[in-house]
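> Could you work out the structure for the sequence below:
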Amino acid sequence: MKTGSLRLRLFAASALSVSVALMLAFWGLGLLFASHVERRAIDSLAVQFDQILAGVERDDTGGLRIGSVPADARFTRPFGGLYWQIETDTQQLRSRSLWDFALDLPADHLADGAVHVHDLPGPGDSTLLVMERKVQLAARLGGSAIRVAVAMDASELEESTEDFRKDLLPFTLVLALFLVLAGVAQIFVGLRPLNSVGQRVASIRAGDSLRVGDDFPTEIRPLAREVDALLDQREKDIEQARHNPDGQMSASGSSSNKKKGGKK
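Below is the predicted model:
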């Protein structure tokens, strides 16, 4: 049989469950925030995509060019964190921010208008979040199909997620402390009826009470009734012994005689 403090065991179980639950919540909220940030980033890339596509023009040689670049300065600053790339059968256009680097787009099949999102290597050993789409140009632009990709440095998303986790950590620790203290309070309140049972048993032993009673919570009431039933049985045994003081002795003597007779 295990011994030790019931309060300590309940406290350990409560603290462990709170810790595990909050760690899972911390981890899950981080994932949810990262997913939310990525969706917002893809929405932002979609806006940039439309601006780039709107600036596609034909040059004097019959090729394509970008007449007006997006206003974001990161597209024009080398390795600025925002990039675009356009591919045709014979031509590749890139943002100034890519400098001498080209996006290695995967050779997957793109249906017209279908959007694909990838994590691809970028300049300077960076990782890029890339959104690409196959677009059919208008007849005035030649009517050919082009592949347009817009990308951003994924480290910005990771930094946002990390900042969120840093902000979330103090709140999580405060919540953990509150829940542990609340658990301690629940343990003391929940075990208080057991102390009352002990006090009433001590009162019976001191002769101040006759029975424990059953004015306890539902979970403690069976224990109190069993204690009272044991006291009732003890009183009956004492009463029977009082009315038949030699009964037990006679039974003992008879049994002893039987054993002696058996030996003969």
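> Counting by contacts, list what the helix or strand where Glu162 lies packs against.
Taking DSSP states H and E as the definition, one finds Glu162 inside helix 155-205. Packing contacts for helix 155-205, counted by 3 or more Cβ pairs under 8 Å, 6 or more residues apart in numbering; DSSP states H and E, involve helix 6-54, helix 221-243. All C-beta spots, glycine's among them, are computed from the backbone N, C-alpha and C.
> what's the most buried one of those helices?
The highest average neighbour count among those, using mean count of other Cβ atoms under 10 Å, belongs to helix 6-54 at a mean of 14.
> Return the set of buried residues in the helix or strand just after that helix.
Using DSSP H and E, the helix or strand that directly follows helix 6-54 along the chain is strand 56-58. By neighbour count on 16 or more other Cβ atoms under 10 Å, the buried set for strand 56-58 is Val56.
> what packs against the helix or strand following strand 56-58?
For strand 56-58, the succeeding helix or strand toward the C-terminus, using DSSP H and E, is strand 64-66. Packing contacts for strand 64-66, counted by 3+ Cβ pairs under 8 Å, 6+ apart, involve strand 56-58, strand 92-94.
> Would you format those as CSV with mean pLDDT and distance to Leu191 included?
Shown next, in CSV, are the helices and strands packed on strand 64-66 (pLDDT from 0 to 100; distance: least, Cβ to Cβ, whole Å):
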stretch, mean pLDDT, distance to Leu191
strand 56-58, 84, 75
strand 92-94, 89, 71
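> Now render the helices and strands packed on helix 155-205 as TSV, adding mean pLDDT.
Output for the helices and strands packed on helix 155-205, formatted as TSV (pLDDT from 0 to 100):
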stretch	mean pLDDT
helix 6-54	91
helix 221-243	81
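> Redo those as JSON lines? Include distance to Val174.
Formatted as JSON lines, the helices and strands packed on helix 155-205 follow (distance: least, Cβ to Cβ, whole Å):
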{"stretch": "helix 6-54", "distance to Val174": "11"}
{"stretch": "helix 221-243", "distance to Val174": "38"}
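> Identify the residues contacting Val115.
46, 131-133 (Cβ atoms under 8 Å, 6 or more residues apart in numbering).
> what would those look like in CSV with secondary structure?
Putting the contacts of Val115 into CSV (DSSP: H, G, I helix; E, B strand; the rest coil) gives the following:
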residue, secondary structure
Ala46, helix
Met131, strand
Glu132, strand
Arg133, strand
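> Determine which two of these are furthest apart.
Ala46 and Glu132 (11.3 Å; Cβ to Cβ).
> ok, back up a step: buried subset of the contacts of Val115?
Of the contacts of Val115, these count as buried by 16+ other Cβ under 10 Å: 131-133.
> Let me know the closest of the residues you listed to Arg94.
Nearest to Arg94 among the buried ones among the contacts of Val115, with distances taken as Cβ to Cβ, is Glu132, at 13.5 Å.
> if I pick that closest one, what's in contact with it?
105, 110, 115-118, 147-150.
> ok, these vs Val180, which is closest?
Using Cβ to Cβ, those come closest to Val180 at Val117, 41.9 Å.
> Confirm that that closest one sits in a strand.
Yes. Judged by three-state DSSP, Val117 forms part of a strand.
> how about low-confidence regions in the stretch 101-250 of the chain?
Along the stretch 101-250 of the chain, the parts satisfying pLDDT under 70 run over 110, 112, 245-250.
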